[in-house]
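>>> Fold the following for me, if possible:
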Amino acid sequence: MAAAGEEEQPPCGLCGAAAAPYTCPRCNRRLCSLGCYRGHGGCAEAFYREQVLQALETERDPPPSHDRLASAFRRLRQLGEAEDAAGPLGRDLWKSLSPAERAGFQRLLSSGEAATLLPAWRPWWWRRRRRLGEELGKPQAGKEEEGAPSPPPFLPAVITPLSSLRAPPPSPLVPFQLPNVLFGYAFALSLHSGDETLLPELPAAVLDVSAALRGRRAFASAAEALHAARYDVSVAGYPQCPLGDAGTVLAVVQILEGREGRTDGEDVAVALLHLERLFRKGESHLPKEERRRFSNARRKCRYLLAWSREAPETLAALAEETRVVHAGVAQEAAVLREEAERGCGGPWRELISDRVNEGLGERRLIQELD
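The predicted structure follows:
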């Protein structure tokens, strides 16, 4: 789904809405939102099937069926970005697949598992995530996670100071707004794999998860702010994002601490400025009467940004408290995993292997067991 230019747009080809900034990569139908794009899913599904079959055709020595499909799906991102990505259907190749491979392929498409086979998206703040056993003080052997983090958003040299804003002096509870906002930011970016063209869905997800941005919700501690965001994820009906619950809390720690051990709050500033830009872009995709909630959230981001640049010691304290919360959430995940193993009757790695052989995605099952 590609964002269109600024010229006048034809109406949505599904619901008739006036603004339709997206285009189906296969039929070129103009669409107004992610919902309408999924609503004409037969066409979108056919497009992805074509690309996977085309990619499979280039494999000279294909591995077993699931790995073969995974290898093809990992090339979809590059194929999807090309203007001429839609190629021939590849009927001969489709006929060459076994019935089990065809059924597994259709399952991947219909269940959404296809997306888990694409290269993992790494956020700009990402540092190698230690395995759960390592987080609990149990060193484990194994390969590091693959992939490189995306480049950080631009940070201007000059940021408006807090004294220049028309706002009351900061409350003692202001610091605890920040972990709640950063949790929403990390969750929404991870949920949408960093795709900033998903507007207004991406910034709307931040608002759904961050009560500090939705209204005047106050928190008495970082722990309260983080657990409130976790609760809002479930209330809003969102699935668990690829970072996982503990991973999203860990993302807040990493942003507060800063890359390479920096504690000057620069990464917090980068996150808040990035979030402010996302709300600004999202406003243009909303009807005029619905833009206020985005503009209010944008102003709160600007206020927190100005405050954070003057409180590096407070940010360090928030990072320490958030690390304690992360340890608790990670321990909670470990207990749930042990219960799942007892209930399923075997080690979770073996269970994953069995499920993968049935055509289900490994990464999604790991999230279920975590």
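>>> Where does the prediction get shaky in the stretch 51-200 of the chain?
51-97, 102, 105-106, 108-120, 128-148, 154, 156-158 (pLDDT under 70).
>>> ok, 50 please
Along the stretch 51-200 of the chain, segments meeting pLDDT under 50 span 58-65, 71-72, 74-91, 129-145.
>>> And for the stretch 201-350 of the chain?
Of all residues in the stretch 201-350 of the chain, those with pLDDT under 50 make up the ranges 349-350.
>>> got a list of what Val252 touches?
For Val252, the contacting residues are Pro179, Leu182, Phe183, Ala186, Leu226, Thr322, by Cβ atoms under 8 Å, 6 or more residues apart in numbering. (Glycine included, C-beta is placed from N, CA and C.)
>>> Let me fix that, I meant to ask about Ser308.
Shown in contact with Ser308 (Cβ under 8 Å, 6+ apart): Leu178, Gly265, Val268, Ala269, Leu272, Leu315.
>>> ok, it to Arg259 distance?
Computed with Cβ to Cβ, to the nearest Å, the distance linking Ser308 and Arg259 is 16 Å.
>>> do Thr197 as well
Counting by Cβ to Cβ, the gap from Thr197 to Arg259 is 26 Å.
>>> before we move on, what about Arg217?
Per Cβ to Cβ, Arg217 is found 29 Å from Arg259.
>>> And Gly265, by the same measure?
Taking Cβ to Cβ as the measure, Gly265 and Arg259 are separated by 12 Å.
>>> Comparing the two, which shows the higher neighbour count?
In terms of neighbours (other Cβ atoms under 10 Å), Gly265 is the more surrounded of Gly265 and Arg259; the figures are 23 against 16.
>>> My read is that that one contacts Thr314, right?
No. In terms of Cβ atoms under 8 Å, Gly265 does not count as a neighbour of Thr314; the distance is 9.0 Å.
>>> Can you give me the buried ones in the helix or strand containing Glu276?
Glu276 belongs to helix 266-283 when assigned by DSSP states H and E. Neighbour-count burial for helix 266-283, with 16 or more other Cβ atoms under 10 Å as criterion, is recorded at 266-279, 281-283.
>>> and if you look at stretch 162-171?
Of the residues in stretch 162-171, those scored as buried under the neighbour-count criterion (16+ other Cβ under 10 Å) are Leu162, Pro170.
>>> for that stretch, how far is the first residue from the last?
Terminal residues of stretch 162-171 are spaced 13 Å apart (Cα to Cα, to the nearest Å).
>>> In space, what's closest to Ala306 - neighbours in sequence excluded?
Leu162 (4.1 Å; Cβ to Cβ, 6 or more residues apart in numbering).
>>> which residues touch the one you found?
Applying Cβ under 8 Å, 6+ apart to Leu162 gives the contacts Pro170, Tyr303, Ala306, Trp307, Arg309, Glu310.
>>> try Gly184
Gly184 makes contacts with Ala205, Val206, Leu207, Asp208, Val209, Ser210, Leu213, Ala229, as judged by Cβ under 8 Å, 6+ apart.
>>> can you pick the most crowded of the residues you listed?
Within those, neighbour counts (other Cβ under 10 Å) peak at Val209, which reaches 29 neighbours.
>>> Please report the distance of that one from Arg309.
Remark: distance between Val209 and Arg309 (Cβ to Cβ) = 24 Å.
>>> Please apply the same query to Leu243.
Using Cβ to Cβ, we find Leu243 at a distance of 26 Å from Arg309.
>>> Quick check: closest non-adjacent residue to His326.
Distances taken as Cβ to Cβ, 6+ apart put Val249 closest to His326, at 4.4 Å, once the chain neighbours are dropped.
>>> Helix or strand: which one has that neighbour?
Here Val249 sits within helix 244-257, counting by DSSP H and E.
>>> CA atoms of that helix as PDB?
C-alpha atoms of helix 244-257 as PDB (Å, rounded to 0.1, in the frame of the first residue of the first chain):
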ATOM      1  CA  GLY A 244       5.900  -8.700  23.100                       C
ATOM      2  CA  ASP A 245       4.800  -7.300  26.500                       C
ATOM      3  CA  ALA A 246       8.200  -7.500  28.200                       C
ATOM      4  CA  GLY A 247       9.900  -6.300  25.000                       C
ATOM      5  CA  THR A 248       7.800  -3.100  24.900                       C
ATOM      6  CA  VAL A 249       8.700  -2.300  28.500                       C
ATOM      7  CA  LEU A 250      12.300  -3.000  27.600                       C
ATOM      8  CA  ALA A 251      12.000  -0.600  24.700                       C
ATOM      9  CA  VAL A 252      11.000   2.100  27.200                       C
ATOM     10  CA  VAL A 253      14.100   1.300  29.200                       C
ATOM     11  CA  GLN A 254      16.300   1.600  26.200                       C
ATOM     12  CA  ILE A 255      14.900   4.900  25.100                       C
ATOM     13  CA  LEU A 256      15.200   6.400  28.600                       C
ATOM     14  CA  GLU A 257      18.800   5.100  29.000                       C
END
